[in-house]
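S.K.: task: produce atomic coordinates for the following.
(chains A and B)
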Amino acid sequence: MTAVKTRFAPSPTGFLHVGGARTALYSWLYARHHHGTFVLRIEDTDLERSTQPAIDAIIESMQWLGLTWDEGPYYQTKRFDRYNELIDQMLADGRAYRCYCTPERLEKLRQEQMARGEKPRYDGHCRCGCGDHSPDEPHCVRFRNPDEGTVHFHDHIRGDVEIANSELDDLVIRRTDGSPTYNFCVVVDDMDMGITHVIRGEDHVNNTPRQINIYKALGASVPEFAHVSMILGDDGAKLSKRHGAVSVMQYRDDGFLPEALLNYLVRLGWGSGDREIFSLEDMISLFDISHVSKSASAFDTGKLRWMNRQYIMSLPPEKVAAHLEWHMRDQGIDFSRGPALPDLVRALAERSETLKDMAAQSRYFYEDVTEYDPAAVKKWIKAGTGEVLDRAAATLAQVAPEDWKAPALHHALEALAGEMGIGMGKVGMPLRIAVTGRGVSPGIDVTMELVGRERTLERIARARKELLPL
RNA sequence: AUUCCCAUCGUCUAGAGGCCUAGGACGACACCCUCUCAAGGUGUAGACACGGGUUCGACUCCCGUUGGGAAUGCCA
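M.R.: Okay, here's the model as predicted:
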């Protein structure tokens, strides 16, 4: 039983999207579950489309998610010598051959095959090497795929997959410009790096049989495979920009916690009984690749938001506060004067689906109230409100600074409502409007505690003047 | 066109032939709680795509149909 080694191998042609993140997560979980090794490899053989910003974005996303890798990042562009060494060997003993076919010929061939209702594929024109060509002429290198038999593999998610070699053609493994191609590089890398379990996107199922043939030609042992299905947008269509947030970093910017995104992602395509919430430790011990859903799943932002709130409510407030800080700065809120962030989190957790929302809701704790929500004023500021505010101010002024805590404030206001013979609503709402300028806030006692004694009393006095000028 | 893959409430899933009168979660709706908004609690509606087999018995196994998706690149 060899030690498990998995990898995540994105191509840096754009940011890390949620589909890739889930594949990375599954691969990471598999390695962690089996006390194995997780490798990060950047598949940048496409020199045209690969960019450094994309590499940076992928690494930043992985770090933010906390998907730590034990080896890498490796870069395929740094391994060209190795690929070429193997290709030359294969060329020498006939496992591969030079192909001099022009793009025009290939295109014509494709057209003809399509017209005949056949699957377009290379016809092996240059296989015999009998053409009148010299290696100095421009050529690519093709892998000589077996003609007979079938390729079979057991996919840990999909089960048994089988395809006849007659369906496969001789794929290009080195371009005319001398650069090796993806299908060859992955095999060499996974072989050289000792990858035991290849967990990747569903779009590679079709590539797997031809890659297996390459493994065999290379005399390498074939790893295990698991192909994860794709993630669809909430409308069931393929995920794209028009679905709004698709990149991992966008979710951070929108106020999601990495724990929540990870939990949402692990549940999207997998489940364990009736459980919804999984800590990282739970995921590692319970996650089972063979129980991952075979079908594509639609991304439901609504459920992610629910999940995010679960984490905002249950994670240590200090931890949530650390993430919240970023959003406070982002929204230009000076939180140096006002409640400490962890206290803010405690007060706002259950009414915030995202940290972005939380920050946006927190302004009145840090900034003066200069406007009052007209709808709330209309509903709650009545003729008798002046008296309520006056008596509340008097009552609250009695509370000593050292007693200015939610329970004491709650008691004081309850007693006042009792004395006045009115409900708490008639006391709480005018005060809420006075102290926050809005009709919505945490409990008025908690709100006043966090706003602080002096500012609370000031705001009540000010509201008294501005809202009930008599 | 061909090959491969897929198919349980609107969505994510549980289901490894009898445990299924198909369970949970999000969302929706109703009620309770309540100083607002939430959170929380309780409840309601809501699915095995279709047709054939196999079996004493199919959500579960097999075949087909339909509907999706992917691949067929000198992209990855």
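
S.K.: how near is A:V248 to A:V18?
M.R.: According to C-beta to C-beta, to the nearest Å, A:V248 stands 7 Å off from A:V18. Quick note: C-beta positions are derived from backbone N, CA and C, even for glycine.

S.K.: domains for chain A, by residue range?
M.R.: Here the domain parsing of chain A from automatic domain parsing is A:5-74+A:182-232, A:81-174, A:241-314, A:316-367, A:369-470.

S.K.: got the contact list for A:K405?
M.R.: A:E449 (C-beta atoms under 8 Å, 6 or more residues apart in numbering).

S.K.: hang on, the earlier thing: in a markdown table: the domains of chain A, plus distance to RNA strand B and mean pLDDT.
M.R.: Below are these laid out as a markdown table (distance: least, C-beta to the nearest atom of the strand, whole Å; pLDDT from 0 to 100):
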| stretch | distance to RNA strand B | mean pLDDT |
| --- | --- | --- |
| domain A:5-74+A:182-232 | 3 | 95 |
| domain A:81-174 | 3 | 90 |
| domain A:241-314 | 2 | 94 |
| domain A:316-367 | 4 | 97 |
| domain A:369-470 | 3 | 92 |
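
S.K.: how about the contacts made by the residue lying closest to A:L257 once chain neighbours are set aside?
M.R.: Residue nearest to A:L257 in three dimensions, not counting chain neighbours: A:Y311, with 4.9 Å by C-beta to C-beta, 6 or more residues apart in numbering. Counting by C-beta under 8 Å, 6+ apart, A:Y311 makes contact with A:257, A:259-260, A:263, A:320.

S.K.: and the next element down the chain from the helix or strand hosting A:Y311?
M.R.: A:Y311 is located in helix A:301-314, with elements delineated by DSSP states H and E. Next helix or strand after helix A:301-314 toward the C-terminus (DSSP H and E): helix A:317-330.

S.K.: enumerate the positions of that following helix that are buried.
M.R.: Going by neighbour count (16 or more other C-beta atoms under 10 Å), the buried part of helix A:317-330 is A:317, A:320-321, A:323-324, A:327-328.

S.K.: list the buried residues of the helix holding A:Y311.
M.R.: Residues of helix A:301-314 classed as buried by neighbour count (16+ other C-beta under 10 Å): A:301, A:304-305, A:307-312.

S.K.: then that helix to CSV, C-alphas only?
M.R.: Presented in CSV, the C-alpha positions along helix A:301-314 are these (Å, rounded to 0.1, in the frame of the first residue of the first chain):
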residue,chain,number,x,y,z
THR,A,301,-25.9,31.3,-3.7
GLY,A,302,-28.8,31.5,-1.4
LYS,A,303,-27.7,28.4,0.4
LEU,A,304,-24.1,29.6,0.5
ARG,A,305,-25.4,32.8,2.2
TRP,A,306,-27.2,30.7,4.8
MET,A,307,-24.1,28.6,5.3
ASN,A,308,-22.0,31.8,5.6
ARG,A,309,-24.3,33.1,8.4
GLN,A,310,-23.9,29.7,10.2
TYR,A,311,-20.2,30.3,10.3
ILE,A,312,-20.5,34.0,11.2
MET,A,313,-22.6,32.9,14.1
SER,A,314,-20.6,30.0,15.3
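
S.K.: and it, how far out from the chain middle?
M.R.: Remark: helix A:301-314 is offset 14 Å from the chain centroid, using C-alpha atoms, centre = their mean, to the nearest Å.

S.K.: circling back: quick one: common contacting residues for A:V248 and A:V18?
M.R.: Here A:V248 and A:V18 have A:L261 as joint contacts, going by C-beta under 8 Å, 6+ apart.

S.K.: contacting residues for the closest residue to A:E318 other than its chain neighbours?
M.R.: In space, and not counting its chain neighbours, A:E318 is closest to A:P342: 5.0 Å by C-beta to C-beta, 6+ apart. Residues in contact with A:P342 (C-beta under 8 Å, 6+ apart) are A:317-318, A:320-321.

S.K.: tell me the secondary structure at A:P342.
M.R.: Three-state assignment for A:P342 (DSSP: H, G, I helix; E, B strand; the rest coil): helix.

S.K.: my read: A:T301 touches A:I231, true?
M.R.: No: assessed by C-beta atoms under 8 Å, A:T301 is found out of contact with A:I231, at 11.9 Å.

S.K.: for A:D330, see how far away A:R337 is.
M.R.: Applying C-beta to C-beta, the value for A:R337 to A:D330 is 19 Å.

S.K.: then A:S50?
M.R.: As judged by C-beta to C-beta, A:S50 and A:D330 stand 30 Å apart.

S.K.: for A:I42, same thing?
M.R.: Look at A:I42 and A:D330: by C-beta to C-beta, they are 29 Å apart.

S.K.: okay, now A:D445: neighbour count?
M.R.: By other C-beta atoms under 10 Å, the residues close to A:D445 number 20.

S.K.: which strands or helices does the helix or strand harbouring it pack on?
M.R.: Following DSSP H and E, one finds A:D445 within helix A:444-451. Packing partners of helix A:444-451 (3 or more C-beta pairs under 8 Å, 6 or more residues apart in numbering; DSSP states H and E): helix A:341-348, helix A:363-366, helix A:406-420, helix A:424-436.

S.K.: could you dump the ones you listed to CSV with distance to A:T77?
M.R.: Formatted as CSV, those follow (distance: least, C-beta to C-beta, whole Å):
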stretch, distance to A:T77
helix A:341-348, 43
helix A:363-366, 48
helix A:406-420, 59
helix A:424-436, 56
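
S.K.: noted, bye for now.
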